[in-house]
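J.: what's the 3D shape of this:
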Amino acid sequence: MEMNGYTVRDGKQVADFAALKDDGSTACGVWIYSGVFPGEGQNMARRRNKGDGWISPEWGFAWPGNRRMLYNRASADPQGRPWSERKKYVWWDAAQHKWTGYDRPDFPDTKAPDTPGQEEGVGVDAHSGSDPFTLKADGRAWLFAPSGLKDGPLPTHYEPLESPVKNPVYRRQDSPIAKRFSRKDNPISAPGDPRFPYLATTYRVTEQYTSGSMSRWSSWLSELMPEMFAEISPELAAEKGIKNRDWIVVSSARGEIECRALVTRRLRPFQLNGALIHEIGLPYHWGYKGLVKGAMANDLVPLSEEPNVYIQEDKAFTCNIRKGRL
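T.: The predicted model follows:
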């Protein structure tokens with residue numbers, strides 16, 4: 001209820017983040033969850049009502065504002081008609097004079113759409129077919145970003161700091177302004193390094209989604225997800241003579257870890273420039289403390305920082321695997 005937000009004077013829950021004020025009259029734990037508990041006995045996160053459509057807006061709570069898709073105005077044309085009848089999402093109901101559909105509109109739901117013959121987006125609808133992107137000041141999508149990005153106003157393709165292939169688009173292999181940490185314990189393998197021919201990526205598992213440091217101290221979550229593993233494809237497993245649940249060693253230029261193999265078709269080899277490139281998936285929840293312990297995927301990741309918001313590049317790097325203990 002505190003996360004939802006309330007009026008300070010009487011402690012009543014606010015309906016959603018639109019009711020929050022910056023004058024001290026309301027308090028809220030975090031604005032994106034405002035609306036999850038809008039009134040007494042109304043815990044939206046516990047709802048389990050399946051809808052008739054392919055979206056169920058009354059199943060649990062989706063932040064912000066219980067919307068399953070931001071910018072859902074873009075699912076309809078300027079006159080409010082679905083672009084696709086098969087994939088319709090929100091649309092204008094002229095009889096009710098409001099927007100309806102399978103999701104909560106990401107804009108005022110009584111604002112009429114543009115009308116034929118009128119200049120689109122002028123004097124009719126603050127969130128017309130021209131400007132559905134409500135979290136942008138001008139309501140438009142940006143391909144060109146004049147907001148001071150250090151790597152330029154237009155997106156382009158660089159390979160990760162470590163890659164098994166050369167950049168197929170530009171002569172420049174990786175970002176020239178990504179922050180690298182030149183340390184003896186942080187070597188970076190060169191493109192196509194035969195010692196590390198495979199891609200690795202890290203991810204969360206549902207049972208430990210928030211953070212391993214929190215969830216691996218929970219007995220029931222630890223029981224559901226008891227040990228570290230590496231996902232590999234059946235093709236790579238056959239190539240290496242590895243069976244499901246075998247112990248394997250995953251290595252990178254920084255070090256190596258030992259864990260179980262999870263052989264699954266969720267990971268499939270890539271065909272890149274005529275070569276077969278395998279990918280290995282590594283959850284990063286385990287560590288040296290907790291009710292369950294395990295090898296740490298972060299021991300393999302190169303230390304680096306993206307130039308704009310300084311996020312570590314751990315979604316793609318190179319590695320190798322071999323069979324581990326018998």
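J.: could you pull out the strands for the stretch 151-300 of the chain?
T.: Under the criterion DSSP state E, counting those that start in this stretch, the stretch 151-300 of the chain carries strands at the ranges 179-180, 198-203, 229-232, 247-251, 256-263, 270-272, 275-277, 279-283.
J.: Retrieve the pLDDT associated with the nearest residue to R172 once chain neighbours are set aside.
T.: Closest residue to R172 apart from its sequence neighbours, by C-beta to C-beta, 6 or more residues apart in numbering: Y158 at 6.9 Å. C-beta here means a position set from N, CA and C on the backbone, and glycine is covered the same way. Y158 carries a pLDDT value of 92.
J.: before we move on, what about the one 10 residues further on?
T.: In this prediction, P168 carries a pLDDT score of 89.
J.: Neighbours of the residue nearest to it when sequence neighbours are not counted, how many?
T.: In space, not counting the residues next to it along the chain, P168 is nearest to N273; the distance is 6.9 Å by C-beta to C-beta, 6+ apart. In terms of burial, N273 registers 8 neighbours under the definition other C-beta atoms under 10 Å.
J.: N273 touches V165, doesn't it?
T.: Yes. Taking contact to mean C-beta atoms under 8 Å, the distance of 6.5 Å between N273 and V165 places them in contact.
J.: what residues are up against the closest residue to R260 other than its chain neighbours?
T.: Beyond its immediate neighbours in the sequence, the residue positioned closest to R260 (C-beta to C-beta, 6+ apart) is F229, lying 4.5 Å away. Applying C-beta atoms under 8 Å, 6 or more residues apart in numbering to F229 gives the contacts C259, R260, A261, L262, P283.
J.: Same list (those residues) but as a markdown table, adding neighbour count and distance to Q312.
T.: Converted to a markdown table, the contacts of F229 look like this (neighbours: other C-beta atoms under 10 Å; distance: C-beta to C-beta, whole Å):
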| residue | neighbour count | distance to Q312 |
| --- | --- | --- |
| C259 | 22 | 21 |
| R260 | 16 | 25 |
| A261 | 24 | 26 |
| L262 | 18 | 24 |
| P283 | 21 | 16 |
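J.: where are the low-confidence patches of the stretch 101-250 of the chain?
T.: Residue ranges of the stretch 101-250 of the chain with pLDDT under 70: 115-130.
J.: ok so, going back, between the contacts of F229, which is closest to S147?
T.: P283 (34.0 Å; C-beta to C-beta).
J.: burial count for the spatially closest residue to the closest one that is not a sequence neighbour?
T.: Computed as C-beta to C-beta, 6+ apart, the closest residue to P283 that is not its neighbour in sequence is V205, at 4.9 Å. By other C-beta under 10 Å, 15 other residues sit near V205.
J.: wait, isn't V205 in contact with H285?
T.: Yes. The pair formed by V205 and H285 meets the contact definition of C-beta under 8 Å, at 6.5 Å.
J.: hey, what's in contact with both of those two?
T.: Looking at what touches both V205 and H285 (by C-beta under 8 Å, 6+ apart), the common residues are M225.
J.: all helices for the stretch 151-300 of the chain, in order.
T.: Defined through DSSP state H, counting those that start in this stretch, the helices belonging to the stretch 151-300 of the chain, from first to last, are 212-215, 219-224, 234-240.
J.: With mean neighbour count and distance to W92 as added columns, please give these in TSV.
T.: Compiled in TSV, the helices of the stretch 151-300 of the chain are given as follows (neighbours: other C-beta atoms under 10 Å; distance: least, C-beta to C-beta, whole Å):
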stretch	mean neighbour count	distance to W92
helix 212-215	18	43
helix 219-224	14	44
helix 234-240	16	49
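J.: Of all those helices, which one comes closest to P302?
T.: Short answer: helix 212-215, nearest of those by C-beta to C-beta, at 20.1 Å.
J.: Comparing the strands of the stretch 151-300 of the chain, which comes out most buried?
T.: The highest mean neighbour count among the strands of the stretch 151-300 of the chain belongs to strand 229-232 (a mean of 23), with neighbours defined as mean count of other C-beta atoms under 10 Å.
J.: For it, C-alpha coordinates in CSV please.
T.: C-alpha atoms of strand 229-232 as CSV (Å, rounded to 0.1, in the frame of the first residue of the first chain):
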residue,chain,number,x,y,z
PHE,A,229,24.1,-24.5,-14.7
ALA,A,230,25.0,-23.6,-18.3
GLU,A,231,22.6,-24.0,-21.1
ILE,A,232,24.0,-25.5,-24.3
